[in-house]
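> curious how this folds, go ahead:
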Amino acid sequence: MRLFTTIAALQCYLNLLKNDLQKSPHTVGLVPTMGALHEGHLSLIKRAREENKITVVTIFVNPLQFSPTEDFQQYPRQLETDKKLCEQEGVDIIFAPSPETMGMENELSTNAQNQTTTVIPPSSMTSIMCSLSRPDFFQGIATIVTKLLSLVQPNNAYFGQKDAQQLAIIQRLVKDLSLSVNIISCPIVREASGLAISSRNQYLTVEQKQQAAILYSSLCHGRKVFLENRNAANIVEKIKNAVQEQLATLPFIKLEYVEIVDPESLQPLENIQDIGLLAIAAHIGSCRLIDNILLRNRKPIIAIDGPAGAGKSTVTKLVAQKLGLLYLDTGAMYRAVTWMVLQANIPVEDEPQVAELVSQCQISFNGPEHNHVLINGQDVTETIRSREVTNNVSAIAAQATVRYFMVEQQQKFGTKGGIVAEGRDIGTHVFPNAELKIFLTASAEERSRRRLLELEQKGQTNISLEQVKKDIIQRDQKDANRKISPLRKAPDAIEISTDGLSIAEVTQKIVDLYTQKNPEST
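Next comes the predicted model:
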């Protein structure tokens, strides 16, 4: 692990790494922090390490986001401790610059912002929630995050969902400025009491820390009211009142706000059609705490991942049929765009032209069982099964831009829920908030046997079981080490080994798990 405090050294080292990796490119993951690392930060670092070849952690207490009345000078700084934690987690680079290195005065926001170019988020996102008590906060965050993204140029950057307003603003910033980075939101890490882990929790006494657990329990109470009254005309008011009433049982907790907003635009909601963010801020003593949960008004999603030959496609279709859900045929989506590229006489290897075409397409599913595939309104259900499409779909699906737009469309299907999808990154990347995640697997021997049987049924008898097994193992290694969306089991996925099980038995296992998790949906 290397520690750098200057921009010159950081960029020199990153350039050396990138030059070394040109023949075998790998992704860079960025975890921006203000130090005083805790389990929440470490969860971001762990995920960045899992998903990238190079992990960069920045440690910078940003003066732009502190007002004169806030704790800039007292904010905990523990670089040596943070360095040891990063070493333990396998971080490659720590970047810990001074304010002067970052081009700003070592002063609080009002003065510092007068000395540097700043990034101003949309006023619609900074006129609500935390902005009311911290007017310069998100301008300071937007500025420093933009600068860090420019310096490191990561493929992926990781932020916690606890800071939901910050996350939404950064996502909007990246979209509006067309920055080439994926913003990855990571779940809130909580103590056993439910209290969201935060650097500021250390300001609480033992008693206050126990009492602060009511913030999360009040949010959960609000979610319960929502689930019991989804269709009520005044549902938002009901939820807010429920949260406020529970907090009122501890009068020394000073509520700053409770809001229900759209998690992307941060606009206040009058009703919750698809999803709402229930967010809260409160003071306990001198400590200001925030927390939030998502309220989802949609049918559940089942995400099924696993290695090749585990039976995912067949099982996924049967699960969808049994539960009356939409089978989101992601393979058909890639076949459809491949067909469109071929119809347009665009060379498969012409990635810019492919990207231009795919970025303007729209895929839908129609028919009595949603088993007809349409692209830009044209039914291509049969034509996408042609040999020409089959021979070219892998080359199209491997292109990063194609995957980006296909995932974007898959996630749009997810806003309404009620779908079952399979692949290698459905639960980790496409639908990380799926209600049920399954990792379907089998031994290499079992998958090889099944694959050989399929080949023999197709008349291909000139291949041995040993060769099929070798191909399966190579495919596993390739899928697990892909630069984009590698195959891996989501931490909250349930693993099912299909060795010795029939298709019907595997299907029923998943149906039973769905029923247990979502009894009201069956």
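
> any stretches of the stretch 251-400 of the chain with poor pLDDT?
By pLDDT under 70, the stretch 251-400 of the chain contains no weakly predicted segment.

> any idea which helix or strand in this protein has the lowest mean pLDDT?
Scoring the helices and strands of the chain by mean pLDDT, DSSP states H and E places helix 109-113 at the bottom, with a mean of 54.

> now the helices for the stretch 301-450 of the chain?
Along the stretch 301-450 of the chain, counting by DSSP state H, counting those that start in this stretch, helices occupy 312-323, 330-343, 351-358, 387-397, 400-414, 444-457.

> residues in contact with the shortest one?
Residues outside helix 351-358 that contact it (CB atoms under 8 Å, 6 or more residues apart in numbering): 337, 340-341, 344, 346-348, 396, 399, 401-402, 405-406. From N, CA and C alone the C-beta is placed, and that goes for glycine too.

> coming back round to it: ok, then the element right after the least confident helix or strand of the chain?
Remark: after helix 109-113, the chain's next helix or strand is helix 137-152, criterion DSSP states H and E.

> show me what that following helix is packed up against.
Packing partners of helix 137-152 (3 or more CB pairs under 8 Å, 6 or more residues apart in numbering; DSSP states H and E): helix 7-20, strand 28-33, strand 54-59, helix 109-113, helix 164-176.

> for residue 279, which of those is the nearest?
helix 164-176 (5.9 Å; CB to CB).

> mean confidence for the closest one?
Regarding helix 164-176, the rounded mean pLDDT is 97.

> how much space separates the nearest residue to residue 320 once chain neighbours are set aside from residue 10?
Nearest non-adjacent residue to residue 320, counting by CB to CB, 6 or more residues apart in numbering: residue 327, 3.8 Å away. With distances taken as CB to CB, to the nearest Å, residue 327 is found 47 Å from residue 10.

> equivalent analysis for residue 323, please.
50 Å.

> neighbour count winner among these two?
Using other CB atoms under 10 Å as the criterion, residue 323 and residue 10 rank with residue 10 on top: 23 against 20.

> distance of the more buried one relative to residue 57?
12 Å.

> can I have stretch 261-277 written out in PDB, keeping just the CAs?
Provided in PDB are the C-alpha atoms of stretch 261-277 (Å, rounded to 0.1, in the frame of the first residue of the first chain):
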ATOM      1  CA  VAL A 261     -38.800  12.500  -0.900                       C
ATOM      2  CA  ASP A 262     -38.000  10.900  -4.300                       C
ATOM      3  CA  PRO A 263     -34.600   9.300  -3.700                       C
ATOM      4  CA  GLU A 264     -33.200  10.600  -7.000                       C
ATOM      5  CA  SER A 265     -34.600  14.100  -7.400                       C
ATOM      6  CA  LEU A 266     -35.100  14.700  -3.600                       C
ATOM      7  CA  GLN A 267     -38.500  16.300  -4.400                       C
ATOM      8  CA  PRO A 268     -41.100  16.000  -1.700                       C
ATOM      9  CA  LEU A 269     -43.700  13.300  -2.400                       C
ATOM     10  CA  GLU A 270     -47.400  13.600  -1.800                       C
ATOM     11  CA  ASN A 271     -47.900   9.800  -2.500                       C
ATOM     12  CA  ILE A 272     -45.500   6.900  -3.000                       C
ATOM     13  CA  GLN A 273     -46.100   5.300  -6.400                       C
ATOM     14  CA  ASP A 274     -42.900   3.400  -6.800                       C
ATOM     15  CA  ILE A 275     -40.300   4.300  -4.100                       C
ATOM     16  CA  GLY A 276     -39.800   7.000  -1.500                       C
ATOM     17  CA  LEU A 277     -37.000   8.000   0.800                       C
END
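
> lovely, talk soon.
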